[in-house]
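[1] Give me coordinates for this.
(2 chains)
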Amino acid sequence: MTGTGGTGTGSGARAAPSVPGVRGAHDVREADGVGEVHDAREVDDIGEVHDTRKVDDVPEARATHAVLEVLDPGVQTLVQDLGRPGWAHVGVGRSGAADGAALRLANRLIANPEGAAGLEVLMGGLRLRTRVPVTVALAGAPGPAWVDGVRVGPHAPLELPRGAVLRLGPPVRGLRTYVAVRGGVDVPPVLGSRATDVLGGIGPSPLAAGDVLAVGPPPVGWPVVDVAAVRLWPDRWVLPVVPGPHVDWFADGLDALLAGEGYVVTPASNRVALRLDGAPVTRTDERDGVELASQGLVAGAVQVPPDGAPVVFGVDHPVTGGYPVVGVVRSSALGVLGQVRPGERVRFVRG
Amino acid sequence: MSTPADLRVVPFGDAALLVEVADLAAVRRVDDVLRAVRGGDAPWDVVVDQVPAARTVLLRTVPGADLVGLAAAVVATLARVTGEAAEGDADDGAGSDERVGADAEDVVHLSVVYDGEDLAEVAGLTGLTVEEVVAVHAGPTYTVAFGGFMPGFAYLVGLDPRLRVPRRATPRERVPAGAVAIADEYSAVYPAATPGGWRLLGRCDAVLFDVARTPPALLPPGTRVRFVPRGSW
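    Below you'll find the model as predicted:
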């Protein structure tokens, strides 16, 4: 995951033809954290941006298509849906919203299909201007939000008039806030999904100021609730795990992960993986130094490299990995991996 | 009904199964059989990804899938196919002849310029001349064992044991797209520029991966591949 290349090698230096929807893996490895991805925009959005700047002058039919103007993407805003299944055997991972439950909730609130593409906003800072009236909903990491300077709340349909500016402040808890838009964000799907895979470099680029996003046709149904009651944001992060396929490689089995004070999430954590700091998970003498042949991975797999510091894979995990997997986080808890902040502590429980 | 020897099916969390087998050849058989049998019907409809690797085939499912039922279906299917293959061999072997014929038409030929940066080093490591390294690398028909690492990357098996060299001690910061490389028991072509530690023998201009193409990957698992030195094409 270490970015070893320089940023000076732009797209022109690549030997392969540029392919829409594919960014060079070189760029991608540098975008591993919350940092920016360089060099990603040449094929995806720019044509659309220039076309749609004049949208106010064109007929209404066109205006209903290009709907959301990105004034400021904040730290990082990604288009995400529920992922890209079915391609792992050719090296393309699942990807999708890091907190899938939050995106699904936001979509349900505005009667979208649960898997409609929305925006995954890392640490707030997003500012969007509407070009037609749209309905949105916020879910995920709770934080302040404003429409034209007036505070609005999460977990509720929000009617934004034409020309309104939606702004998200930094969340008070968690990392990622989701903005669902009635009709879904309509960027071109890549291999059946609009998810942005930061490891594989597949899908739309991170949003940039000046991008204009299309929104799909509104669903037939209408929102049925005014606000959703959600469970309280947890004050401790607990990750239920089940034994992994190589639990017997480790001296204390799964207990090695469960003991003590838990683990601190390091800053080298992102959509690809949480890298943890804490009591090392040690192998049995028998397995010490033994190499494991690479094998398929899943999100939630807790892999233990030779240094004993566990790595919990997230939605943009590599499709294969070569270190033993001591445990696997329950599917229902995967969203936590998208919300726990560097410096916070996670505790594993047998689940 | 007998279960194939050395087969183990274990859960990989609550939404995946890992099928563990003895070797790469078994991975290819299991991967082919399961991909062929999977369809829209239960119990296979819960599978969303099938990922072969060196000694395993991963079946990822939707959350909440009945993994016990799926595991039983995997074991039963593989036992049945293994049984049929054994019977076929005992009869007349016609099945295997047919398979060779079908495969022969399916070979992807990649035209390679053998001017890689590590050619001389590989010659030094193997005791071969540069010309021999090229001839030995271009000799066999390879099979894509599995993917991984990056979109469109294919681990090719079939490398002549004389060319087994370790990967570089220090990976290159940038291996160009199209680089033809070897490491350990594998050969591969880099689909896009990336840091990489394999030994570079040459380059080809085939597009290994293109999301706008159907199918996007030129070399999915099971594909047979030959390298053809440019000039002898």
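
[2] Break the chain into its domains for me.
    No chain specified, so I'll use chain A. A:11-214, A:237-350 (automatic domain parsing).

[3] Let me rephrase: I mean chain B.
    What the record gives for chain B is the domain set B:8-100, B:107-229, from automatic domain parsing.

[4] Would you mind measuring from the closest residue in space to A:Ala256 that isn't next to it in sequence to chain B?
    Nearest residue to A:Ala256 in three dimensions, chain neighbours excluded: A:Val281, at 4.4 Å (C-beta to C-beta, 6 or more residues apart in numbering or on different chains). Heads up, the C-betas are built off the backbone N, CA and C, glycines and all. A:Val281 is 17 Å from chain B, where distance means C-beta to the nearest C-beta, to the nearest Å.

[5] Quick check, pLDDT for A:Val281.
    Listed pLDDT for A:Val281 reads 95.

[6] just the one 5 residues further on next, same as before
    Note for A:Glu286: predicted pLDDT of 94.

[7] thinking again about what came up before, which among the domains of chain A is found nearest to B:Glu121?
    Closest approach to B:Glu121 among the domains of chain A (C-beta to C-beta): domain A:11-214, 21.5 Å.

[8] average pLDDT across that closest one?
    For domain A:11-214, the per-residue pLDDT averages 80.

[9] still on that earlier bit, contact partners for the residue nearest to A:Ala256?
    A:250, A:256-257, A:304, A:308-310, A:326 (C-beta atoms under 8 Å, 6 or more residues apart in numbering or on different chains).

[10] nearest to B:Asp41, of those?
    A:Val326 (34.7 Å).

[11] other SSEs contacting the host helix or strand of the closest one?
    Using DSSP states H and E, A:Val326 sits in strand A:325-329. Packing partners of strand A:325-329 (3 or more C-beta pairs under 8 Å, 6 or more residues apart in numbering or on different chains; DSSP states H and E): strand A:237-243, helix A:255-258, strand A:301-303.

[12] that older thread, most surrounded residue in the contacts of A:Val281?
    Most neighbours among these, by other C-beta atoms under 10 Å in any protein chain shown: A:Leu257, with 30 neighbours.

[13] Could you report the separation of that one from A:Val150?
    A:Leu257 is 46 Å from A:Val150, where distance means C-beta to C-beta, to the nearest Å.

[14] same check, this time on A:Val290
    61 Å.

[15] in the lengthiest helix in chain B, what's buried?
    Selection of the longest helix in chain B by residue count, based on DSSP state H, yields helix B:67-91. Buried residues in helix B:67-91, counted by 16 or more other C-beta atoms under 10 Å in any protein chain shown: B:67, B:70-71, B:73-75, B:77-78, B:81-82.

[16] which among those gets closest to chain A?
    B:Leu67 (10.8 Å; C-beta to the nearest C-beta).

[17] Which residue comes closest to the closest one once chain neighbours are left out?
    B:Pro11 (5.4 Å).

[18] circling back to that earlier point, dump the helices and strands packed on strand A:325-329 into a markdown table; add mean pLDDT and distance to B:Leu200 as well.
    Output for the helices and strands packed on strand A:325-329, formatted as a markdown table (pLDDT from 0 to 100; distance: least, C-beta to C-beta, whole Å):
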| stretch | mean pLDDT | distance to B:Leu200 |
| --- | --- | --- |
| strand A:237-243 | 97 | 41 |
| helix A:255-258 | 94 | 40 |
| strand A:301-303 | 97 | 29 |
